[in-house]
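Enquirer: I would like the atomic coordinates for the input below:
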Amino acid sequence: MMEEENKNRTRWMHLRLSSAEYEILQKQFDKSTCRKLSDYARKNLLQKPVVLKYRNESLDELMSELILLRKDLNGIGNNFNQAVKKLHTLVQISEFKHWIMVYEIEKKVLFNSINQIKKHIENLSEKWLQS
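Expert: Presented below is the predicted three-dimensional model:
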């Protein structure tokens, strides 16, 4: 259907714009879902509907907080992992063996929680980037 429309377009229309006018047109085009500026201009000239992108700016602050949270979680996980590795070097002391076993279990629980939070942050990020 679109190819048929393009084949029938045999008329050229030349239009000159000032820099300011072109900048306005370009900004409006960037907000649309049109792939080409000519499509956007044609739809506007012919008064056809133009689909605009919508971005929910109220999520910007949330996304900033989620990004910081993700960085903090990575840091906490890394620090925890380093501490447990350090304790593994002290295995010759019997009290530490028990402590290490208990904290290995807690480490798995912590890392599972961190991974779940990361997945939620990634899902929210994808949704935010699509809006």
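
Enquirer: now stretch 84-97: mean pLDDT?
Expert: What stretch 84-97 shows for mean pLDDT is 70.

Enquirer: pLDDT weak spots in the protein?
Expert: 1-6, 54-58, 90-95, 131 (pLDDT under 70).

Enquirer: Can you tell me which helices and strands the helix or strand containing D39 packs against?
Expert: If you go by DSSP states H and E, D39 is part of helix 37-45. Helices and strands touching helix 37-45, by 3 or more C-beta pairs under 8 Å, 6 or more residues apart in numbering; DSSP states H and E, are helix 19-30. Where you see a C-beta, it was placed from the backbone N, CA and C, and this is true even at glycine.

Enquirer: Of all the residues in the helix it packs on, which ones are buried?
Expert: Neighbour counts over helix 19-30 (16 or more other C-beta atoms under 10 Å) mark L25, F29 as buried.

Enquirer: chain center to that helix, what's the gap?
Expert: The chain centre lies 26 Å from the centre of helix 19-30; the measure is C-alpha atoms, centre = their mean, to the nearest Å.

Enquirer: And stretch 14-32, by the same measure?
Expert: That offset, for stretch 14-32, works out to 28 Å (C-alpha atoms, centre = their mean).

Enquirer: contact partners of that stretch?
Expert: Contacts with stretch 14-32, where a contact means C-beta atoms under 8 Å, 6 or more residues apart in numbering, come from L37, Y40, A41, V50, V51, L52, K53.

Enquirer: Which single helix of this structure contains the most residues?
Expert: helix 94-130 (DSSP state H).

Enquirer: That helix - contacts with which helices or strands?
Expert: Contacts defined by 3+ C-beta pairs under 8 Å, 6+ apart place helix 94-130 against helix 59-88.
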